[in-house]
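Peer 1: no sequence for this one, just the structure:
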């Protein structure tokens, strides 16, 4: 799937001249965490998030700077901090270096951007004739979760396919585990009875045990998983009794 498949196309935006009071009310009423800022031509020029409205004179939350440290801060840094605390318009507080993606970006790229840049949304843009980025949509973390909800099938309450015998379930699970580099579970460690998978033997750590349960539960037709594994402490000193 790509960004264009899940993005919001009807994006609410503000202009650089929109007042911060109006933006604050918009974020509250729409339950947004941020709002893109566009110019008259629909070009993305910035974004205002809740974080940009935290350090404000009205709230008494403007950054308290150490005068000694101020001596080493650049004029640009000090001016920007003042503008963020005292500005009245979107252009005074908006982030101008916005992380964006194109409509054909795969969702893996979107997720990578969110994780690396610690952001919750990615505006989707198309390059205009003049090279500027025109906003055409936005992808949020919520959009990704909704896409996942439509892709993961809801398991049936009961298995009706007579071909899904315990032996077939076990064979499918063993085939799945054989493809995984994080486990070396073999036939002797997996049993299936009446659709219930039983996992046995030693595992390297709790993460492997949890992944085994996840793999087992993901096999169509499995009704339950029973984990009997234990973590083996390889190379541990023997206990003297």
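Peer 2: Happy to help now that I have it. Treat the numbers as computed from the prediction; the structure is a model and nothing was measured.
Peer 1: and residue 202, what does it touch?
Peer 2: Neighbouring residues of residue 202 by CB atoms under 8 Å, 6 or more residues apart in numbering: 229, 230, 231, 232. All C-beta atoms are positioned from the backbone trio N, CA, C, and that covers glycine.
Peer 1: what about residue 32, neighbour count?
Peer 2: Residues lying near residue 32 (other CB atoms under 10 Å) number 17.
Peer 1: Tell me the secondary structure at it.
Peer 2: Using DSSP: H, G, I helix; E, B strand; the rest coil, the structure places residue 32 in coil.
Peer 1: swap in residue 216?
Peer 2: Of the three states, residue 216 takes helix according to three-state DSSP.
Peer 1: Which segments of the chain make up each domain?
Peer 2: Domain segmentation of the chain under automatic domain parsing yields 3-150, 166-231.
Peer 1: From what I see, residue 7 and residue 142 are in contact.
Peer 2: No - with contact defined as CB atoms under 8 Å, residue 7 does not reach residue 142; the gap is 11.7 Å.
Peer 1: So for these two, which residue has more residues nearby?
Peer 2: Under the criterion of other CB under 10 Å, the comparison of residue 7 against residue 142 puts residue 7 first, with 21 against 13.
Peer 1: For that one, give me its contacts.
Peer 2: Counting by CB under 8 Å, 6+ apart, residue 7 touches 103, 124, 136, 137, 138, 139, 143.
Peer 1: mind listing the helices for this protein?
Peer 2: 3-6, 20-30, 67-70, 75-86, 90-93, 107-117, 141-151, 166-178, 206-217 (DSSP state H).
Peer 1: looking at the ones you listed, which is closest to residue 42?
Peer 2: helix 90-93 (15.5 Å; CB to CB).
Peer 1: The closest one packs against which elements?
Peer 2: helix 20-30, strand 44-49, helix 75-86 (3 or more CB pairs under 8 Å, 6 or more residues apart in numbering; DSSP states H and E).
Peer 1: State the mean pLDDT of that helix.
Peer 2: Taken as a whole, helix 90-93 has an average pLDDT of 92.
Peer 1: List the buried residues in that helix.
Peer 2: 90, 91, 92, 93 (16 or more other CB atoms under 10 Å).
Peer 1: residues making contact with that helix?
Peer 2: Contacts for helix 90-93 (CB under 8 Å, 6+ apart): 14-20, 23, 37, 46, 48, 52-53, 83-84, 86-87.
Peer 1: Return the members of these classed as buried.
Peer 2: Using 16+ other CB under 10 Å as the threshold, 14, 16, 18, 20, 23, 37, 46, 48, 52, 53, 84, 87 are the buried ones among the contacts of helix 90-93.
Peer 1: Residue 146 and residue 6 touch, don't they?
Peer 2: Yes - between residue 146 and residue 6 there is a contact under CB under 8 Å: 7.3 Å.
Peer 1: which of those two has more neighbours?
Peer 2: Using other CB under 10 Å, the more surrounded residue of residue 146 and residue 6 is residue 6, with 20 against 12.
Peer 1: That one reaches residue 138, doesn't it?
Peer 2: No - using CB under 8 Å, residue 6 makes no contact with residue 138, being 10.3 Å away.
Peer 1: Tell me where the chain is predicted with low confidence.
Peer 2: Along the chain, the parts satisfying pLDDT under 70 run over 61-85, 153-164, 233-241.
Peer 1: contacts for stretch 40-58?
Peer 2: Contact with stretch 40-58 is made by 14-16, 20, 23-24, 27, 33-39, 61-63, 81, 84-86, 90-91, 93-96, 98, 100, 123, 125, 128, 132-135, as judged by CB under 8 Å, 6+ apart.
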